[in-house]
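Chemist: any chance you could fold what I've pasted below:
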Amino acid sequence: MYPMLSFDNLEEDVFMSQPPGFVHSQFPIYVCKLNKSLDGLKQAPRAWFFTFSNFLLTLGFVNSHCDNSLFVQATSALLTYLLVYVDDILITGSSLSHLKYLITQLHSAFSLKELGNLPYFFGISVTSTSSSYFLSQSQYASTLLKRAGMTYCKPASSPLSAKPTVSSSDVPFTNPAVYRSLVGGLQYLTITRPDLAFAVNQACQYMHNPSQAHFALVKRLLRFVKGSLQCGLTFSSGAFDLHVFSDAVWAGSPCDRRSTFDFCIFLGSNLVSWAAKKQPTVARSSTDAEYRAMALASAEVAWLQMLLKDMHICPSSVPVLWCDNLSTLSLAANLVFYARTKHIEINYHFVCEKGSTKQLLIRYVASSDQLEGD
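Modeler: Numbering: from 1, shown residues only. Got it, this is the predicted structure:
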């Protein structure tokens, strides 16, 4: 058994005003030096995590180098994963009896409330079956529609219109705070809705000065959400092989002609990572834009490989990166091309290094078969 631990230790000196009703009569202008952390103190989360993580280390857990909130306990007979988000804890592993023993140890050291199997976590609903898990945010999406006053709106068939008409001369939107609030809510919705990522990225580009036309795009996006409330992600068991689909929309922004890249990464049949972002610099060719996208996707794969290694999961094959641009594939494979592409930053040749050392297989996929795009 462990004594009830406290996360009161502070690494620095913290002072506070004397609380009402406890002001010292002789020293009313003095302040108090805290010996313990208090709820609401900005140092409190760090103090709590420091105490909790040190306790886990005494139990044989190892902190992941890729995700500081992930702890892994591995022996020859079992694997246990523990994930911490502020004061919420998720625990899973290969042995149910060991999980119960671990929870008992945590109860002996901390004041915890056990909630059982995971049904709902930070706006994400988790539905389990005998062979899979389904993650969705239908309740959160309904709340977002209510906040926008669009609970009974007409659903849309797609998040973006085929030919969006947005120009710099559009009338400014009168309430930018509402625009930012709704787009921020849509950003959180992309946790389980990768189909919204590209459209939400488009909306995020006008946070500083939205127009009426930009808000119309957000309303269409919300109408699409209305018609797809039950959509989400399904995770099932299968092979641990990584497949990456990378793409880019060259000079897609009408304002500054910057490109937007996107990628999605599958672990077996499960979609585990995706992104849609505007590139920070102008690409002088579609090859340039696609190559930048490949580099960022390769970096994400490298991070996932390290994370899987920390979790003692060994992929069954070398990751495969799929791209629909033949010039980009040639650039990644042939050093002769480099003399004509000096405008591409050196760090993007990271892709070639991964390919030449067989840490990443780079393959062509037809544009019609791409899984990610605009």
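Chemist: Pro28: neighbouring residues, count only.
Modeler: Pro28 is surrounded by 8 other residues when neighbours are defined as other C-beta atoms under 10 Å. To be clear about C-beta, it is placed using only N, CA and C from the backbone, and glycine gets the same treatment.
Chemist: and it, how close does it get to Phe15?
Modeler: From Pro28 across to Phe15, the span is 15 Å (C-beta to C-beta, to the nearest Å).
Chemist: swap in Ile103?
Modeler: In this view, Ile103 and Phe15 are 38 Å apart by C-beta to C-beta.
Chemist: more crowded one of those two?
Modeler: Neighbours per residue, other C-beta under 10 Å: of Ile103 and Phe15, the larger number sits with Ile103, 14 against 9.
Chemist: I'd say Phe121 and Leu83 touch.
Modeler: No: the pair Phe121 and Leu83 does not pass the contact test of C-beta atoms under 8 Å, sitting 10.0 Å apart.
Chemist: what touches both of the two?
Modeler: Leu90 (C-beta atoms under 8 Å, 6 or more residues apart in numbering).
Chemist: for Phe245, what are its contacts?
Modeler: Counting by C-beta under 8 Å, 6+ apart, Phe245 touches Phe263, Cys264, Ile265, Phe266, Trp322, Val365, Gln370, Leu371, Glu372.
Chemist: mind checking which helix or strand the second one is in?
Modeler: Cys264 is part of strand 260-267, with elements assigned from DSSP states H and E.
Chemist: neighbouring contacts of that strand?
Modeler: Contacts of strand 260-267 with the rest of the structure, by C-beta under 8 Å, 6+ apart, involve 194, 197-198, 201-202, 240-249, 252-253, 271-279, 289, 292-293, 296-297, 300-301, 304, 371-374.
Chemist: filter the residues you listed down to the buried ones.
Modeler: 194, 197-198, 201-202, 242-249, 252, 271-276, 278-279, 289, 292-293, 296-297, 300-301, 304, 371-372 (16 or more other C-beta atoms under 10 Å).
Chemist: just the ones in strands from those, please.
Modeler: In strands, judged by DSSP state E, the following of these are found: 242-249, 271-276, 278.
Chemist: quick check, nearest of the residues you listed to Ser108?
Modeler: Ser108 has its nearest neighbour among those in Val272, at 34.8 Å by C-beta to C-beta.
Chemist: hang on, the closest one packs against Leu304?
Modeler: Yes: at 7.1 Å, Val272 and Leu304 qualify as touching, with contact defined as C-beta under 8 Å.
Chemist: so where's the protein shaky on pLDDT?
Modeler: In the predicted model, the chain carries pLDDT under 70 at residues 1-9, 163-169, 335-348, 372-374.
Chemist: switch to 80 and redo it
Modeler: Counting by pLDDT under 80, the low-confidence segments of the chain come to 1-12, 36-40, 43, 86-87, 162-170, 253-255, 331, 333-350, 352-353, 371-374.
Chemist: now do the strands in the stretch 1-150 of the chain.
Modeler: 15-17, 31-33, 62-63, 70-74, 79-85, 88-93, 120-121, 124-128, 132-136 (DSSP state E, counting those that start in this stretch).
Chemist: out of these, indicate the one that is most buried.
Modeler: Each of the strands of the stretch 1-150 of the chain was assessed for mean neighbour count using mean count of other C-beta atoms under 10 Å. The highest is strand 70-74, with a mean of 19.
Chemist: neighbours around Arg223, how many?
Modeler: 19.
Chemist: neighbouring contacts of the helix or strand encompassing it?
Modeler: Element membership of Arg223 [criterion: DSSP H and E] is helix 212-226. Helix 212-226 is contacted by residues 141, 144-145, 148, 150, 153-161, 164-167, 170-173, 179, 182-183, 186, 189, 193, 196, 199-200, 202-203, 206 when judged by C-beta under 8 Å, 6+ apart.
Chemist: with adjacent residues omitted, what lies nearest to Val200?
Modeler: Leu186 (4.9 Å; C-beta to C-beta, 6 or more residues apart in numbering).
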